[in-house]
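Asks: Predicted model and sequence follow; I will ask about them next.
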Amino acid sequence: MIDFTKIDFDKSNGLIPAIIQDKETLQVLMLGYMNEDALQKTVKEGKVTFYSRSKQRLWTKGEESGNFLEIISIKNDCDNDTLLIQVIPAGPTCHKGTYNCWGEDQSTNFCILEQLEQTITNRWENEATSSYVASLKVAGTHKIAQKVGEEAVEVVIEALRTDDSLFLEENADLLFHYLVLLKAKGFQLNDVLMVLKKRMK
């Protein structure tokens, strides 16, 4: 996960800052400090452990509240004196009960779109798979475009009805097939977002 020999604990008297980031939303949750023992315990147990400067001891985030921070990845920066730790929080991160230590609410989870695009790419490139994405690739761009049109019509139909659940389901179907169409044309959602960004100027 991380090469301990590269971390420069001596630069700041044995402590380095650790930025804690939500893996799903990419929001920064808190900032803490680690010594070498705290980092080793963090890696070994899979939960973030800091060195408390006030208590002068190691403390695992959530040891009292139960709101642990489950480790997903640990990266050191270019100077090897700061850590970026991606986690899945078990509850509010701040001791005041808020999502993060800046009192912010949890943002909308758009990272799932990136994960979905990656899944589509993996199945698109794996020709041996029997996945639905692979079958769409075989059917060709014309068929994929047709599916996008069909799903768009379904969204319109459900928008005029009162079943919110079906409306959301059809929107999910449309978004999925739209991402597959982008892949078929050699693009990603980010390419579309860049067009929208230019229009906002």
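Replies: Nice, thanks for sending it over.

Asks: just so I have it, where are all the strands in this protein?
Replies: 16-22, 28-34, 49-52, 57-60, 69-76, 83-89 (DSSP state E).

Asks: Mind putting these into JSON lines with mean pLDDT?
Replies: Formatted as JSON lines, the strands of the chain follow (pLDDT from 0 to 100):
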{"stretch": "strand 16-22", "mean pLDDT": "96"}
{"stretch": "strand 28-34", "mean pLDDT": "97"}
{"stretch": "strand 49-52", "mean pLDDT": "97"}
{"stretch": "strand 57-60", "mean pLDDT": "96"}
{"stretch": "strand 69-76", "mean pLDDT": "95"}
{"stretch": "strand 83-89", "mean pLDDT": "96"}
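
Asks: Looking at these, spot the one closest to L175.
Replies: strand 16-22 (22.5 Å; C-beta to C-beta). For glycine as for every other residue, the C-beta is placed from the backbone atoms N, C-alpha and C.

Asks: care to break the chain down by domain?
Replies: Domain assignment for the chain, taken from automatic domain parsing, gives 4-89, 111-199.

Asks: Would you mind measuring from N13 to N35?
Replies: Per C-beta to C-beta, to the nearest Å, N13 is found 9 Å from N35.

Asks: More neighbours: which of these two?
Replies: The neighbour comparison of N13 against N35 (other C-beta atoms under 10 Å) goes to N35, with 17 against 8.

Asks: hang on, isn't the more buried one packed against L15?
Replies: Yes: N35 is in contact with L15 according to C-beta atoms under 8 Å; the separation is 5.6 Å.

Asks: Quickly note the distance from K198 to L84.
Replies: 30 Å.

Asks: Please disregard the earlier target; I meant N122.
Replies: Distance from N122 to L84, by C-beta to C-beta: 25 Å.

Asks: mind listing what's buried in stretch 64-76?
Replies: For stretch 64-76, the neighbour count (16 or more other C-beta atoms under 10 Å) marks N67, F68, L69, I71, I74, N76 as buried.

Asks: Just give me the residue right at the centre of this protein.
Replies: The residue lying closest to the centre of the chain (C-alpha atoms, centre = their mean) is E24, at 3.1 Å.

Asks: so who does that one touch?
Replies: By C-beta atoms under 8 Å, 6 or more residues apart in numbering, E24 lies in contact with I88, N109, C111, I112.

Asks: Output the residues you listed as JSON lines; include the columns neighbour count and distance to N100.
Replies: Below are the contacts of E24 laid out as JSON lines (neighbours: other C-beta atoms under 10 Å; distance: C-beta to C-beta, whole Å):
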{"residue": "I88", "neighbour count": "12", "distance to N100": "14"}
{"residue": "N109", "neighbour count": "12", "distance to N100": "15"}
{"residue": "C111", "neighbour count": "14", "distance to N100": "16"}
{"residue": "I112", "neighbour count": "10", "distance to N100": "20"}
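
Asks: Thank you kindly, that will do.
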